[in-house]
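S.K.: Sequence unavailable; structure follows:
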């Protein structure tokens, strides 16, 4: 069975979307975050995140709801502030 990885795209605490991404994309995001890259740069550089509707499994939910879904449905998750500048 394929492991599922999620990215929580967070506008604010009450407006999040959950996208399922490949393990490769998940690992790239974690590596970029560990190097101190900002979330806007991460979002723009990841094709899987930059495509607006692809792979969205939840939208318009709170941060806690998004985390709960990501933990229940998949292997791991990472939060990216989708609208950082």
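M.R.: Perfect, thanks for sending it. Nothing here was measured: the structure is a model prediction, and the numbers come from that model. Residues are numbered from 1 along each chain as shown.
S.K.: What helix or strand is residue 30 located in?
M.R.: helix 23-34 (DSSP states H and E).
S.K.: Please, where are all the helices along this protein?
M.R.: Counting by DSSP state H, the chain has helices at residues 23-34, 39-45, 47-50, 63-73.
S.K.: Those: which one's closest to residue 11?
M.R.: Closest to residue 11 of these is helix 63-73 (Cβ to Cβ; 10.0 Å). Just so you know, the C-beta spots here come from the backbone N, C-alpha and C atoms, and that holds for glycine as well.
S.K.: In terms of secondary structure, what does the closest one contact?
M.R.: Packing partners of helix 63-73 (3 or more Cβ pairs under 8 Å, 6 or more residues apart in numbering; DSSP states H and E): strand 5-12, strand 15-21, strand 56-61, strand 76-81.
S.K.: can you tell me which of the helices of the chain the model trusts least?
M.R.: Mean pLDDT values for the helices of the chain show the minimum at helix 47-50, a mean of 66.
S.K.: residue contacts, the residue most central in space within the chain?
M.R.: Geometric centre of the chain, nearest residue: residue 7, 1.6 Å, by Cα atoms, centre = their mean. By Cβ atoms under 8 Å, 6 or more residues apart in numbering, the contact list for residue 7 reads 18-19, 21, 25-26, 29, 49, 77-80.
S.K.: Any chance of those in JSON lines with distance to residue 60 and neighbour count as columns?
M.R.: Formatted as JSON lines, the contacts of residue 7 follow (distance: Cβ to Cβ, whole Å; neighbours: other Cβ atoms under 10 Å):
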{"residue": "18", "distance to residue 60": "10", "neighbour count": "23"}
{"residue": "19", "distance to residue 60": "13", "neighbour count": "26"}
{"residue": "21", "distance to residue 60": "19", "neighbour count": "22"}
{"residue": "25", "distance to residue 60": "22", "neighbour count": "19"}
{"residue": "26", "distance to residue 60": "23", "neighbour count": "23"}
{"residue": "29", "distance to residue 60": "22", "neighbour count": "24"}
{"residue": "49", "distance to residue 60": "17", "neighbour count": "21"}
{"residue": "77", "distance to residue 60": "17", "neighbour count": "21"}
{"residue": "78", "distance to residue 60": "20", "neighbour count": "18"}
{"residue": "79", "distance to residue 60": "16", "neighbour count": "18"}
{"residue": "80", "distance to residue 60": "17", "neighbour count": "21"}
